[in-house]
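# Make a model of this:
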Amino acid sequence: MSPNEPPAWWTGAVVYQIYPRSFQDSDGDGVGDLRGVLQRIDHLVELGVDVVWFSPLYRSPQDDNGYDISDYRDVDPIFGTLADLDQVVSALHARGIKVVMDLVVNHTSDEHPWFIESRSSKDNPKRDWYWWRPPREGMVPGSPGAESTNWGSYFSGPAWEFDRTTGEYYLHLFSRKQPDLNWENPEVRTAIYDMMRWWLDRGIDGFRMDVINLISKTVGDDGSLADGVGDGLYGDNRAHTVNGPRLHEFLHEMHREVFEGRRDSLLLVGETPGATVEDGRLFTDPARGELDMVFTFEHMHLDHGPGGRFDLRPLDLRALKATMARWQAGLFDAGWNALYWCNHDQPRIVSRFGDDGAYRRESATMLATVLHLHRGTPYVYQGEELGMTDAHFGELTDYRDIESIRYAAESRAHGRLTDEQLVEALAAGSRDNARTPVQWDAGPSAGFTSGEPWIGVNPNHTSVNAEAERADPASVFHHYRRLIQLRHEDRVVRLGDFALVEPDHSHVYAFTRSGDGPSLFVAGNFSGEPQQVGVTGMDAARAELVLGNYADPPEVEDSTVWLRPWEAVVLRAGTDG
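Numbering: from 1, shown residues only. The predicted model follows:
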C-alpha cells in the first residue's frame, strides 16, 4: 500500500470466513447449508464484519469437503441451490456485507466434465487440460516408483495416479480425486477466466484464491517435469510447483481478462503456501495489478516439528514476533497483509497458542487483540469470535478430514505410531479441530442441527456458545466486536506504522502503532504467569486505556506495565503526550 495512494476500502475491513457445512443446518440433515446462513446473518451484523468469505459451495463429490469441484457454476445440493445463494448474497449486501467466494483453480474434481473428457483418450481435445505423463521407462505401470516423477502428495503418498484407460499417470498435488489443471494450456485459462467473470456478473465481490501460487509448474523445454528432493520413494515437489516461472504472468493475465475496470470494489486474496516476504511484495503491490493481499504460512509453521502439522511443538514467541514483524515491514510501502490465526485448515488458536482451560476467555481475547492491532486486514474464522477450542477427539473414528485419515492410515501401515500416539497427534494438528459445528447454544448439537451432525460437536458447547457469549459483556464475542469497531474508527489501527517493543521478551508480544493520530501501545501476555514490559512511545501514566481483557486496568508504574496471565492492553498516548 503506497503512502501516496488513497487507502483502499479493505484496509479498514474485517473478513469473516464461513465453512458452510459446519456453520448452520436448516433442514436437519446434519450438514450446514445456505438457508442456515440466512438464519445467522444477524450474528454477523452484530459482530460488525464487512465481508463474508465462503469456503467452496460448488457442486462437488466432497472428497476434500468441497475443494474438489465438479461444476464451477452450480451449488452443491447439500448446501442448497443457486437461487439460495443469490438470496444469501442479496441479504448480506442489504446489511452492508460484501461476499467473497473461494476460487479453487489449481485443480478440479476427477468427476468434473473436463477431466472425464481428458482421461477418455490420449487424443481427446481436453487431454492437455491436465498433467498426463507416461510411467518411468522400464518400470511396471502402476507399481510403486513407476510414477512419472517422485513428487509426493500433500495428502501423503505419490502425487501421481495411474489411469488404466490410457496407461498414463495424472498429477494431483492433493487428493487423487483432485487432478491438477494444466495452466500452460491457454484454453484452460480462458475457461477459468470466463467462469470468474460469470460469478462477478452474478454479484459477488471477489475471490479467495486457493493455493494460487501452485498453478505454474516448472516445465522443461521438452515438456518434462523433474524429480523433487528426497531420498525416499516420494520426495518434496515444491522446487517445481511453488511460485513457478509463469505465475506472475498468469496473474497479470487474470487481472487483464477478469478484473480490469471493476477492480476497486473487489477483494482479491491469495493463499500462497511457501511465499516469502519478497514474494508477498510482488503479489500485493498495487502497481503490479495482481492481488490485494496474501495468506502467508510462515507463522503457522513455527510450532511444527519434522512431522509437520501432526507434530506440534511449544511455540517460541520470539520467532513468532520476528516473523510477523518481518511481514509488517516488508509489505508496508508496497503491499498489504492478510492477518489470521484460524481458518478451516488450522487447529483452534486458543488451544494452540493459548490456554483452552482456566484462561480460555483471557487467552482468546489476548490473541485477538494482538492480531487485530497489526497493520493488515484481519480474518475471523467462524467460532473464533466465541473462543471455540479444539475438540480433543479421543478416537480415530471421530475424524472426517481426508488429510488426517490418510496420515493415520500411512502411519499405521509403516508402523510409525501407535493408535494412542496417532490420537494425540490428530487431536493437536487435525484440520477437523476447526470443522466441528459452530456452537450456537447449550442444547443438543449446539443448536447447529436438529439431526445428527456430520462430525462430532465439541462437548464444551454447553458452556462455550454464542448464546452465553452474547449475554456476557466481558465475553470473547463482545471483545471481538470492540476490536472490529476500533479498526473502523481509528486510522492509526488501519494505516499506522508498526514497531516491535522488546523483541527478545519470551512471554510478551508488544508493539507500537503510530501515524496520523495519537500513537498506540499494544501488549499481550502469552503466558499464565504475570509479566512486565516497558511502555514506549508515550507517557504511560497519562496514557488512555483503549481496550483490555480484564475488568480493571493493569498496573502501570513509571514506564512499565504489569500484565496478568494472558492479559492484553491497548494504550493510547495522551493528546499532548
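# how about the helices in the stretch 351-500 of the chain?
360-372, 402-413, 419-429, 466-471, 476-489, 491-495 (DSSP state H, counting those that start in this stretch).
# most packed of these?
Neighbour counts (mean count of other Cβ atoms under 10 Å) averaged over each of those peak at helix 360-372, with a mean of 26. All C-beta atoms are positioned from the backbone trio N, CA, C, and that covers glycine.
# For it, give the mean pLDDT please.
Per-region confidence: helix 360-372 scores 98 on mean pLDDT.
# Could you check how far residue 520 is from residue 547?
Distance check for residue 520 against residue 547: by Cβ to Cβ, to the nearest Å, it reads 10 Å.
# Find residues that contact each of these two.
Contact criterion Cβ atoms under 8 Å, 6 or more residues apart in numbering; residues shared by residue 520 and residue 547: residue 570.
# So these two - more neighbours on which side?
Neighbour count, other Cβ atoms under 10 Å: between residue 520 and residue 547, residue 520 has more, with 26 against 20.
# Name the SS class of the more buried one, please.
Taking DSSP: H, G, I helix; E, B strand; the rest coil as the rule, one finds residue 520 in the strand state.
# Start at 785, not 1
In the new numbering, first residue 785, that becomes residue 1304.
# which residues touch it?
1157, 1274, 1276-1277, 1280, 1296-1298, 1330, 1354-1357.
# just residue 1226 next, same as before
Counting by Cβ under 8 Å, 6+ apart, residue 1226 makes contact with 1245, 1246, 1247, 1249, 1251, 1252.
# Which of those residues sits closest to residue 913?
For the contacts of residue 1226, the closest approach to residue 913 (Cβ to Cβ) belongs to residue 1245, at 44.7 Å.
# number of nearby residues for the closest one?
25.
# I'd assumed residue 1222 was in contact with it.
No: Residue 1245 lies out of contact with residue 1222 (Cβ atoms under 8 Å); the separation is 9.2 Å.
# shared neighbours of the two, anything?
residue 1230.
# okay, which residue is most central for the chain?
residue 1127 (4.2 Å; Cα atoms, centre = their mean).
# That one - nearest residue in space that isn't next to it in sequence?
Computed as Cβ to Cβ, 6 or more residues apart in numbering, the closest residue to residue 1127 that is not its neighbour in sequence is residue 1165, at 5.0 Å.
# same deal with residue 827?
Using Cβ to Cβ, 6+ apart, the nearest residue to residue 827 is residue 1250, at 6.6 Å.
# Contacts only, for the one you found.
By Cβ under 8 Å, 6+ apart, the neighbours of residue 1250 are 827, 1170, 1222, 1223, 1224, 1225, 1231, 1261.
# Tell me the predicted confidence for the nearest residue to the last one once chain neighbours are set aside.
What it means is residue 1261. Leaving aside its chain neighbours, residue 1261 sits nearest to residue 1253 (3.8 Å; criterion: Cβ to Cβ, 6+ apart). pLDDT, residue 1253: 98.
# thinking again about what came up before, buried ones among the contacts of residue 1250?
Applying a neighbour-count criterion of 16 or more other Cβ atoms under 10 Å, the buried members of these are 827, 1170, 1222, 1223, 1224, 1231, 1261.
# From what I see, the fourth one and residue 1172 are in contact.
Translated: residue 1223. Yes: assessed by Cβ under 8 Å, residue 1223 is found in contact with residue 1172 at 6.1 Å.
# Need the residues touching each of the two.
Listed as contacting both residue 1223 and residue 1172 by Cβ under 8 Å, 6+ apart are 1242, 1248.
# pretty sure residue 1262 is touching residue 1255, no?
No: the criterion here is Cβ under 8 Å, and residue 1262 misses it with residue 1255 at 9.8 Å.
# Thought residue 1310 was touching residue 1349, still the case?
No: between residue 1349 and residue 1310 there is no contact under Cβ under 8 Å: 10.0 Å.
# And these two? Which one has more around it.
residue 1310 (25 against 18).
# what's the neighbour count on the residue nearest to the more buried one when sequence neighbours are not counted?
Sequence neighbours aside, residue 1101 is the residue nearest to residue 1310 in space, at 5.1 Å (criterion: Cβ to Cβ, 6+ apart). Residues contacting residue 1101 under the criterion other Cβ under 10 Å number 20.
# Ramachandran angles for residue 1101?
Torsion angles at residue 1101 (phi, psi; degrees, to the nearest 10) stand at phi -60, psi -30.
# Before I go, just wanted to say thanks for your time.
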